[in-house]
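**Student:** take this sequence and fold it.
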Amino acid sequence: MQEVTDETFEQEVLRAAKPVVVDFWAPWCGPCRAVAPILEQLSESQDRVEFVKVNLDESPAYAARYGVLSIPTAILFEGGEPQQTVVGARPRSYYEQAFGRWLGLAA
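**Tutor:** Here you go, the predicted model:
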């Protein structure tokens, strides 16, 4: 998954041509390390949605802007606006259900 920074967030996420799931994480966060492979698998298993990650220690501005108070937090953006948010470490099935409409998994 591509790393996005405060400097590239607007271009890579808010102006993206297709929906983007942003994984807000930090290297010291154990649950974040548990979620990363799940989001990576979802990213590799389809091409409708981009998946990127933002290291909060290095790029805190957009996390603050979108009210990220706990990590891991994954937010799906479409058309420059947040559409769906998942807070905390969850199983793959939870992310599939939350983002299923965009991933082509649900009607």
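
**Student:** chain neighbours aside, what residue packs nearest to the residue nearest the centre of the chain?
**Tutor:** Closest to where the C-alpha atoms of the chain average out (Cα atoms, centre = their mean) is residue 22, at 2.2 Å. By the measure of Cβ to Cβ, 6 or more residues apart in numbering, the closest residue to residue 22 outside its immediate chain neighbours is residue 75, 5.2 Å from it. Every residue, glycine included, has its C-beta placed from N, CA and C.

**Student:** the helix or strand where that neighbour lies pairs with which strands, and in what direction?
**Tutor:** Under the criterion DSSP states H and E, the helix or strand holding residue 75 is strand 73-78. Strands adjacent to strand 73-78 in the sheet, as given by DSSP bridges, are strand 20-25 (antiparallel), strand 81-87 (antiparallel).

**Student:** excluding chain neighbours, what is closest to residue 89?
**Tutor:** Distances taken as Cβ to Cβ, 6+ apart place residue 31 nearest to residue 89, at 3.7 Å, with adjacent residues excluded.

**Student:** report the rounded mean pLDDT for the strand or helix carrying that neighbour.
**Tutor:** Remark: residue 31 resides in helix 30-44, with elements defined by DSSP H and E. For helix 30-44, mean pLDDT rounds to 96.

**Student:** and stretch 64-82, by the same measure?
**Tutor:** Along stretch 64-82, the predicted confidence averages to a pLDDT of 97.

**Student:** residues in contact with the host helix or strand of residue 52?
**Tutor:** Element membership of residue 52 [criterion: DSSP H and E] is strand 50-55. Applying Cβ atoms under 8 Å, 6 or more residues apart in numbering, the contact partners of strand 50-55 are 1-5, 9, 12-13, 16, 18-27, 36, 39-40, 42-43, 62-63.

**Student:** so how far is the next helix-or-strand element following it off the chain centroid?
**Tutor:** Counting by DSSP H and E, the next helix or strand C-terminal to strand 50-55 is helix 61-65. Counting by Cα atoms, centre = their mean, to the nearest Å, helix 61-65 is centred 13 Å from the centre of its parent chain.
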